[in-house]
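*Asks:* Sequence and computational prediction follow.
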Amino acid sequence: MSRRTPVGGKGPALLSPVTTPAARVRSQRWVPYALLAPSVIFLLLLFAWPLIEAVLLSVRGTTGSLTTENFQRMADDLNFRDALRNTLLLTVIVVPLQAALALGLASLVSGMERGRNTLLYVLTIPLGISDIAAGIAWLAIFTERGYLNSMLMSAGAIEQPLTFLSYDSLTTLLLAVILAELWRATAIMLVILVAGMQLIPRMYAEAADVFGATPWQRFTKITLPLLKPSLQNALILRTIAALEVFAVVSALGGRNLPVLAGEAYNWYGTYQNASVAAAYGVLIMAISLLLTFAYLKLIRVKPEATV
Amino acid sequence: QNNSVLFASTQFRQLEEAQSMRDVILKDAPVKVEFLGQENAPFVSRLIAENKSGKPSVSLAGGLHGDFTALQAAAALDNVDDVLKDLNNVKFIPSMVSLGKLGTNNQKYIPWAQATYLMAAHKDALQYLPKGADLNDLTYEQLAEWGKNIEQATGRKRLGFPAGPNGLIHRYVQGYLLPSYTGSYVQKFKSPQAAEAWKDMQDIWKYTNPQSASYNFMQEPLLSGEVLVAWDHAARLKDAFTQRPNDFVAFPAPKGPAGRGYMPVIAGLGIPEGAPNRAGAVVTIKHLTKPETQAQTLRETGFFPVTRGNLPTNLPQGIKIMAEAVEKQSGEGSIAALLPVGLGAQDGEFSKVYVDAFQRMIIRNQNIQSSLNTQARQLQRVLDTSKAACWAPDPVAKDTCKVQ
Amino acid sequence: MAEIRVEQVQRVFGNTTALAEINLEVQDQEFVVLLGPSGCGKTTLLRIIAGLETATSGRVFIGGRDVTNLAPRQRQIAMVFQNYAIFPHLTVFDNVAFGLRMQRAPQQLINERVERAATLMHIEPYLKRYPSQLSGGQRQRVAVARALAVEPQVLLMDEPLSNLDALLRLEMRAELKTLLQGTKTTTIYVTHDQVEAMSLADRIAVMHGGHIVQYAPPVEVYEEPANTFVGGFIGNPPMNFVRFPVHEQAGQKYAQTANAALRVPDEAGREVLMGIRPEDFSISLTATSDALPAPVRLVEHLGPHLLITASLDDQLIKINADPHLSVRTGDTLYLQPNARRTRWLDPETGFALTSPQEQLA
Amino acid sequence: MAEIRVEQVQRVFGNTTALAEINLEVQDQEFVVLLGPSGCGKTTLLRIIAGLETATSGRVFIGGRDVTNLAPRQRQIAMVFQNYAIFPHLTVFDNVAFGLRMQRAPQQLINERVERAATLMHIEPYLKRYPSQLSGGQRQRVAVARALAVEPQVLLMDEPLSNLDALLRLEMRAELKTLLQGTKTTTIYVTHDQVEAMSLADRIAVMHGGHIVQYAPPVEVYEEPANTFVGGFIGNPPMNFVRFPVHEQAGQKYAQTANAALRVPDEAGREVLMGIRPEDFSISLTATSDALPAPVRLVEHLGPHLLITASLDDQLIKINADPHLSVRTGDTLYLQPNARRTRWLDPETGFALTSPQEQLA
Amino acid sequence: MKNRPLYLTLAVLAVVWVLLPIYLVAVNTFSTSAGVNAFPKPPFPLPFSLETIEFFFSVQGVLPAFWNSLITAIMTMVLALLLGAPAGYALARYQFFGSGSYRFLVLLTRAFPLAILAIPLAVRFIQLGLYDTLIGVALVHTALALPFAVLVTAGLFMGVPVELEEAAWTLNCTKIQAFFKVVLPLVLPGLAATAIFAFTISWNEVFASTILTLRNPTLPALLLTSLNEAPLPFRFAGGFILIVPAVVFLFLVRRYLFTLWGISSR
Ligand SMILES: Nc1ncnc2c1ncn2[C@@H]1O[C@H](COP(=O)(O)OP(=O)(O)OP(=O)(O)O)[C@@H](O)[C@H]1O
Ligand SMILES: Nc1ncnc2c1ncn2[C@@H]1O[C@H](COP(=O)(O)OP(=O)(O)OP(=O)(O)O)[C@@H](O)[C@H]1O
Ligand SMILES: [Mg+2]
Ligand SMILES: [Mg+2]
């Protein structure tokens, strides 16, 4: 519906810089930077410095010289492979499931007429629940003497309580963790998506309807592409968070399901080796940024293809 | 606020305990004390950070031996030789006082309270005790057989160990399993006797509730019935005994071929370097080490005094049950395995060696000898890095301790 | 077979009645134009037929099938939206191809149809652009092309050419009509442009305030408006309405003008409105016995003809005259209304007194 | 004082040149209409004047001040957007009051002005509604009212009445003009409707493909189109263009028709185009010596006049004739072009050969 | 409207899915410890008991900690929006050199486990005098919430047609006024969502709160550290106590989150 006014940067305004009044380019060019400045200063002051310190920690040996020793130790560690695998596995399973669930729920919500606010409210409640509390809640369900077994027993489906959360039932354990994570963190995506959906003018859905799109086609061909910016953000944020899962997994899985962030915490707190912990941190960061980059490339939104 | 003492502690941080600490134990202290329970990691981070910044706010630090080694490694602790001198009328257990030197020439912390690890069983489980077994004189084989009997009778594995992420399973290995078979837990780490110990542990594990790998505290699985027989820190079993004193029995850890290994735990009180209210901290230490306060601490929390003297008589039944078992455990023929000494910042990784050994051989069922060899290398690296000399029950010497 | 039947459709928004008991029948392959002032309910009616809006009451039939409760996609329609609603995230090509893709048409057919629609709408150069890179008129043409490409049984268009210039419009109008006849499409076309309505429609439905006030072929609507609204709305300048007292003589009724009596239908009351188009006067510069004198107030030279504002019985009227007529403000014209093209209406209700066929025959 | 001067403004999008070196001067209080086909750059030019779009090169002056680098709000303008851009979260009242609120006008003034603008645009009944509750035409009127309410020095309007019916449009046109004269507003008005352009404009700038091809008062644009494009674009039906060979005789050039020779300007090449409006023929049904014979192909009765399609020298032309002329397909008309209103153009460039004043004087 | 039964079923399922675990936590909270350890567990708090809840309210510092949490969360919310929304706007509206790098910078803060940054951070805070102050905690929480604020708002701003803003500019608005008068109201629901994220991130954050406060802990810092090792009934009650304010908060702001301006029918 609108044309973006390209200002500075790569915009066509610079195509003929000789004739373009330099003053204007200069006067406009700083605007985005001015808008970013507060947050950049904030982050540099608060985070860049400790971050650099932490990264340095990971590449410095006990003597202070540059070394890969800490990464070596990380990689050689008993739990490393499992932690890496579990983290990636969880991310790969949970995030897409969450995205799907959140999209489904968001569509459900927008399709409702009455009661949508109430429904939306209820669905966002897990937002307010810390991961530790969520871990407790799901432990109460899946533990051997928990609610699930109680229910199954009362229903007469089983005679002995089943064990869901042990190292010899990794599948159910993983399943439980996935469920808990879905429960806990889908709301974040949901709210981002609902907020995004509210901004899509209804006329596009109507046009799709008229041109014979089934609800599913309308969703995939219209809603989803128009929701791209929000979807991209939801995915990035959730993925980064998923790579740092820890509390819920440790509550349900204990040592059976090591994850990268958990290992980082252990090395840091329990084993008191901040260097190896920092190495884990760097690894997590690297994976996060890699995936973020992938999302940005895969879910590209062309500037001209927006409202 | 200026003349109050900020007291950060990794012990008694659990809500109820912290509450009794504030409302009962510290109530009569001569200065105003602000007690803050803290988890180990934040506790250590904070004190180190305060130290680095040069503006500490904590005047008194309470923690386990291991917490202090980490602080000492960062040079964040003040010497407390003067305080100890002031306390010359208090009859501390000497071995504990020397532990408080952290391998240096100066006193780094003052003993505060002690605890140990125990076995607990639901009374229902007693019927399945192997024939001829004495609850107070159990062997590791008998423990395995007991578990087997229970499984055969109830269809479930109901032994339990705190092998979760916050569980203390490494203390079990260090202080109980290995010393009982080898009389050592460092030097003979990969000895054949140690291999034997692990083999027996594998047996025991067959009858252990697999959820053990996520248990941090054993009192809850005991109370819920998921587990009938368990080993854990006294304070982490306490609830079972205090809530249902009639259902549970406490008893000493099993014996092995080399005897009954056990590990006393010491909590201490240290003063961060540059503490804003050192005088107040000293007064508080004096208050906490008074015999009356020590007795009060036992009553409220299940931590035992670090001073010599008779136990108070008016103990709650649950505490009494444990106290009796503790006494039996440290009795004749027992091998006291001390907490690591002189490891400094390597303390955490030292424990990891044992946790990982447990992981490999018990949880993942890997080959015992090769696992021991791998872990022994790690162990040696830790020892080398810290240059720590051997400590009890290994023969105490001056050189860096070596795995044989 | 795709005739459309709208039965007793009503649409109420809060306390606004957008549509009041609309009945409309469109025959198969017919081209019907909805014409009416802004806000009269054209879009609402179209949206109800499309299934985008729920009627408060009433039913809609397409091809004999009751579609009242069917989703839009089940109605076999295509629509051009008043505000285009072209998809911002699709290129022009993909926009135009959208409907066909939804039907899983083969790629070749898609290419063909898109090309044809694009050529018709003169948007081939922009097929690879995104809507944000187009001008307003170009976007509108994309919207039309998108609807044409599916070759639907029923095509609904809501002011599809409103942003185009006269020339392009003229051209597209012609091509649209030819195309839709060829594809045998039943069309409902909303426009505010009466010329467009006249030239395109088989029948025009003139809407006013949520009602259809006249539904008839263009010529009839133009020549025999059902009421003052229609007469005033259609024609540029609109029909003149002049009020006269009525007197009766020998059982017949006459309108009493300044110097003549004109026979009016028998239903006339005490007063009557004469409706007459600006071009339906015979003009003379000299007085004749039964011509009505009209002093000229304003003469405008509008290209192909003169537009004269004059006063008749103290009421202002507009007259189209030959551009060669030499007349100036202040002159008096003598007008002879063309009796066959004069319409008599009731000044109270505004409705015509009789259909002109019977009138004064 | 708010004259506008656009100097050498160019706008390139990627590889599309939307505006090519535009020069435009609008006098204080003048009403200029931009007229041109879809996609010719009207909106782009307006947006550059408003400061919403950056020109690739060139400068814009308003009131003598170089505003090229000024923000829109520093230009003392108001604008009506082609697609309205009314604020969906504000009621109609708040939309219209928006500009005044931004100027911190006193509430009373706001009320007055909003009321006036709303009355003018016939949207008083909707003042409390949200835009989503309005019809397309109503929204458009809100957009116009919003711009009028601020009474700016310069008013830019982009097809502000395109969604309104003829009647309303006529009315609003008249009222707009009166109002803007009263407030002494300098106006640039984009439209695709030539009637609107003719009746509103002091001067019309006809745009084509990013150029201004003619900038002159309406009558001049109509009668003396600068080139075939203007002649063809304006007028309905457009100007006829007939190609004749040229021959020279006694130093003077003549167009050679079937049976007559017409004097053409001296610049004529080997061929010449005669441009003539459909109404600029004297029509006779009988042959005269210098009249051009034109067999009738089609006769259309279009309300106020007849539209005759005939062929002249085998080229089709349109002729407006008196409705009373009785002529049928197959008849031959004898046409005498009105020499004063005939324009001669170069068939290669399409541009007029001389300005008609000098021509054949 | 056509699939009402289907919609209803799905909605009910979704509600049950969300509420059930919370309900079970509540059941445990209001049971005696015997009830918590019972098996099979009854689906109701039987026997009903307020014992653990009462205990919690008697714990010293719960009330101040509650206020601390609330204030920290509100500060975080405000800071995150103040810092994040302009950046999001810049990302959405301008193409400029470095926008990609900026995204990465912002995400970096989220991509590195906070715990490992703790010591350097704490040292710096002590130096700056921010240690053990709520503003200090809020600053760290702001850094955690900032990526959300930036990215989510950027997504939202992209959805607002530039033309509305342009219309405002021509009506005598500065860019800032146009933002507040036109863009902001349109993205308000989304901003509310962002604010809620910031709030809940702060509300639930434990690690930084624990390290950076001493006398002024937030509620999670006060409770959750101890909860990890507390007996089960306490953990449930603690979890419950932490959930309830969040639920109430969400209830209070839900209006803002889901206000529709009728723009959906634009
Ligand atoms: N962002 C863009 N990228 C590429 N081309 C563009 C862009 N914006 C406009 N154009 C092109 O520039 C030309 C001029 O556009 P403009 O909107 O000024 O036309 P207009 O005269 O207003 O037409 P209309 O009457 O259809 O609204 C058009 O051909 C259009 O396709
Ligand atoms: N959601 C709504 N709430 C209230 N009134 C509405 C709503 N939608 C439409 N209306 C009113 O219903 C009437 C009919 O609207 P509709 O859009 O059908 O008009 P239209 O004939 O298409 O007009 P236009 O030619 O201006 O587009 C209008 O007066 C409008 O104000
Ligand atoms: Mg409409
Ligand atoms: Mg335009």
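*Replies:* Cool, the structure landed. Ligands and ions are numbered 1, 2, ... in the order given.
*Asks:* Low-confidence regions, the chain specifically.
*Replies:* As the question left the chain open, I've gone with chain A. A:1-28, A:307 (pLDDT under 70).
*Asks:* nope, chain E please
*Replies:* E:1-3, E:224-229, E:256-266.
*Asks:* Geometric centre of it: which residue is closest?
*Replies:* Relative to the mean C-alpha position of chain E, the nearest C-alpha, by C-alpha atoms, centre = their mean, is the one of E:T200, at 1.5 Å.
*Asks:* How far away from the center of its chain is whichever strand or helix holds it?
*Replies:* E:T200 belongs to helix E:184-204 when assigned by DSSP states H and E. Mean-position distance between helix E:184-204 and its chain equals 8 Å (C-alpha atoms, centre = their mean, to the nearest Å).
*Asks:* Next: stretch B:308-328.
*Replies:* 18 Å.
*Asks:* in it, what counts as buried?
*Replies:* B:311-312, B:315, B:318-326, B:328 (16 or more other C-beta atoms under 10 Å in any protein chain shown). C-beta here means a position set from N, CA and C on the backbone, and glycine is covered the same way.
*Asks:* what mean pLDDT does that stretch have?
*Replies:* Mean pLDDT, stretch B:308-328: 79.
*Asks:* what about it, start to end distance?
*Replies:* With C-alpha to C-alpha, to the nearest Å as the measure, the ends of stretch B:308-328 fall 17 Å from one another.
*Asks:* State the three-state secondary structure for B:K101.
*Replies:* Assigned by DSSP: H, G, I helix; E, B strand; the rest coil, the conformation of B:K101 is coil.
*Asks:* what ranges do the helices span in the stretch 201-307 of chain A?
*Replies:* Counting by DSSP state H, counting those that start in this stretch, the stretch 201-307 of chain A has helices at residues A:202-210, A:215-217, A:224-226, A:228-243, A:247-253, A:260-265, A:274-298.
*Asks:* and the angle from the lengthiest helix in chain A to helix A:202-210?
*Replies:* Counting by DSSP state H, the longest helix found in chain A is helix A:80-111. Interaxial angle, helix A:80-111 versus helix A:202-210 (axes from the mean of the first three to the mean of the last three C-alpha atoms, to 10 degrees): 90 degrees.
*Asks:* ok, helix A:80-111 near chain E or not?
*Replies:* Yes: against chain E, helix A:80-111 shows contacts by C-beta under 8 Å from any C-beta of the partner chain at A:105, A:108, A:111.
*Asks:* What sits closest to the last one if chain neighbours are left out?
*Replies:* Distance criterion C-beta to C-beta, 6 or more residues apart in numbering or on different chains; nearest residue to A:G111, sequence neighbours excluded, is E:Y7 at 6.1 Å.
*Asks:* Quickly find the element holding that neighbour.
*Replies:* helix E:4-29.
*Asks:* helix or strand right after that helix?
*Replies:* helix E:33-37.
*Asks:* any residue of that following helix up close to chain B?
*Replies:* Yes: applying C-beta under 8 Å from any C-beta, one finds that helix E:33-37 is in contact with chain B at E:33, E:37.
*Asks:* Work out the gap between that helix and the centre of the chain.
*Replies:* With C-alpha atoms, centre = their mean, you get 32 Å for helix E:33-37.
*Asks:* buried sites along it?
*Replies:* Neighbour-count burial for helix E:33-37 [16+ other C-beta under 10 Å]: E:33, E:35-37.
*Asks:* Could you list every helix and strand in contact with that helix?
*Replies:* helix B:219-224, helix E:232-257 (3 or more C-beta pairs under 8 Å, 6 or more residues apart in numbering or on different chains; DSSP states H and E).
*Asks:* Let's see that with 10 Å instead.
*Replies:* In terms of contacts (3 or more C-beta pairs under 10 Å, 6 or more residues apart in numbering or on different chains; DSSP states H and E), helix E:33-37 is packed against helix B:219-224, helix B:238-243, helix E:4-29, helix E:51-58, helix E:232-257.
*Asks:* Touching that helix from outside, list them.
*Replies:* A:140, A:145, B:219-226, B:239-240, B:243-244, E:27-31, E:41-42, E:44-49, E:51-52, E:231-237 (C-beta atoms under 10 Å, 6 or more residues apart in numbering or on different chains).
*Asks:* filter those to the buried ones?
*Replies:* Here, 16+ other C-beta under 10 Å leaves A:140, A:145, B:219-226, B:239-240, B:243-244, E:27-31, E:41, E:45, E:49, E:52, E:231-237 buried among the contacts of helix E:33-37.
*Asks:* Does the residue nearest in space to the middle of chain B belong to a helix, a strand or coil?
*Replies:* Taking C-alpha atoms, centre = their mean, the centroid of chain B lies closest to B:V265, which sits 4.1 Å from it. Secondary structure, three-state DSSP: B:V265 is strand.
*Asks:* who's it bridged to?
*Replies:* Bridge pairing for B:V265 (DSSP bridges) gives the partners B:A115.
*Asks:* can you tell me how far it sits from B:P316?
*Replies:* As judged by C-beta to C-beta, to the nearest Å, B:V265 and B:P316 stand 21 Å apart.
*Asks:* and the gap between the residue of the stretch 1-150 of chain A found nearest ligand 2 and ligand 1?
*Replies:* Residue nearest to ligand 2 within the stretch 1-150 of chain A (C-beta to the nearest ligand atom): A:E113, separated by 14.7 Å. Distance, A:E113 to ligand 1, using C-beta to the nearest ligand atom, to the nearest Å: 37 Å.
*Asks:* Give the burial count for that residue, as a bare number.
*Replies:* 8 (other C-beta atoms under 10 Å in any protein chain shown).
*Asks:* isn't it right up against E:Y7?
*Replies:* Yes: if you go by C-beta atoms under 10 Å, A:E113 and E:Y7 touch, sitting 9.1 Å apart.
*Asks:* on that earlier part again, now the buried residues of helix E:33-37 in TSV, please, with extra columns for distance to B:N89.
*Replies:* Listed next are the buried residues of helix E:33-37 as TSV, based on distance: C-beta to C-beta, whole Å:
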residue	distance to B:N89
E:S33	42
E:G35	49
E:V36	46
E:N37	45
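*Asks:* Out of those residues, which comes closest to chain D?
*Replies:* Nearest to chain D among the buried residues of helix E:33-37: E:V36, at 50.4 Å, using C-beta to the nearest C-beta.
*Asks:* OK, contacts around the nearest residue to that closest one once chain neighbours are set aside?
*Replies:* Leaving aside its sequence neighbours, E:V36 sits nearest to E:P233 (C-beta to C-beta, 6+ apart; 4.7 Å). Counting by C-beta under 10 Å, 6+ apart, E:P233 touches B:220, B:223, B:239, B:243, E:28-37, E:49, E:51-53, E:55.
*Asks:* ok, now B:S224?
*Replies:* A:143-146, E:36-39, E:41, E:232.
*Asks:* if we go to 7 Å?
*Replies:* A:145, E:37, E:39 (C-beta atoms under 7 Å, 6 or more residues apart in numbering or on different chains).
*Asks:* What of B:Q19?
*Replies:* For B:Q19, counting by C-beta under 7 Å, 6+ apart, the contacting residues are E:V59.
*Asks:* Which of the residues in the helix or strand it falls within are classified as buried?
*Replies:* If you go by DSSP H and E, B:Q19 is part of helix B:15-20. By neighbour count on 16+ other C-beta under 10 Å, the buried set for helix B:15-20 is B:15-20.
*Asks:* which non-adjacent residue is nearest B:K238?
*Replies:* Using C-beta to C-beta, 6+ apart, the nearest residue to B:K238 is B:G302, at 4.4 Å.
*Asks:* I figured the one you found hits B:R236, correct?
*Replies:* No: using C-beta atoms under 7 Å, B:G302 makes no contact with B:R236, being 9.4 Å away.
*Asks:* circling back to that earlier point, of all the buried residues of helix B:15-20, which comes closest to D:A50?
*Replies:* Of all those, B:L15 has the smallest distance to D:A50: 65.7 Å, by C-beta to C-beta.
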